[in-house]
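In: coordinates only, sequence not included:
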């Protein structure tokens, strides 16, 4: 169970960093991938990251007993 909790935490952190880099470099990404909505993809990644971190927190506090 501790391994799952650690994986949730680190994947959440990686998604947060990836989403924030996507938002920071949005103009550069739009030039490379012309048909994609980069802002929407980055915001979805950040939302998933927050969900993973919330899952980590809830498992850490209430699930691990």
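Out: That came through, no problem. Only a predicted model underlies this, so the values are computations on that prediction, with no experimental measurement involved.
In: what sits up against the least confident helix or strand in the chain by mean pLDDT?
Out: The helix or strand of the chain with the poorest confidence is helix 26-32; it has a mean of 89 (mean pLDDT, DSSP states H and E). For helix 26-32, the external contacting residues (C-beta atoms under 8 Å, 6 or more residues apart in numbering) are 22, 36, 38-39, 42. C-beta here means a position set from N, CA and C on the backbone, and glycine is covered the same way.
In: quick one: which of the residues you listed is nearest residue 56?
Out: residue 42 (20.9 Å; C-beta to C-beta).
In: quick one, what contacts that closest one?
Out: So residue 42 contacts 18-20, 22-23, 26 (C-beta under 8 Å, 6+ apart).
In: Tell me the buried residues in stretch 27-35?
Out: By 16 or more other C-beta atoms under 10 Å, the buried positions in stretch 27-35 come out as residue 29.
In: One more: stretch 38-58?
Out: 38, 41-42, 45-46, 49, 52-53, 55-56.
In: what kind of secondary structure is residue 35 in?
Out: coil (DSSP: H, G, I helix; E, B strand; the rest coil).
In: Need phi/psi at it.
Out: Backbone torsions of residue 35, given as degrees, to the nearest 10, read phi -90, psi 0.
In: ok, now how distant is it from residue 45?
Out: As judged by C-beta to C-beta, to the nearest Å, residue 35 and residue 45 stand 18 Å apart.
In: do residue 53 as well
Out: In terms of C-beta to C-beta, residue 53 sits 13 Å off from residue 45.
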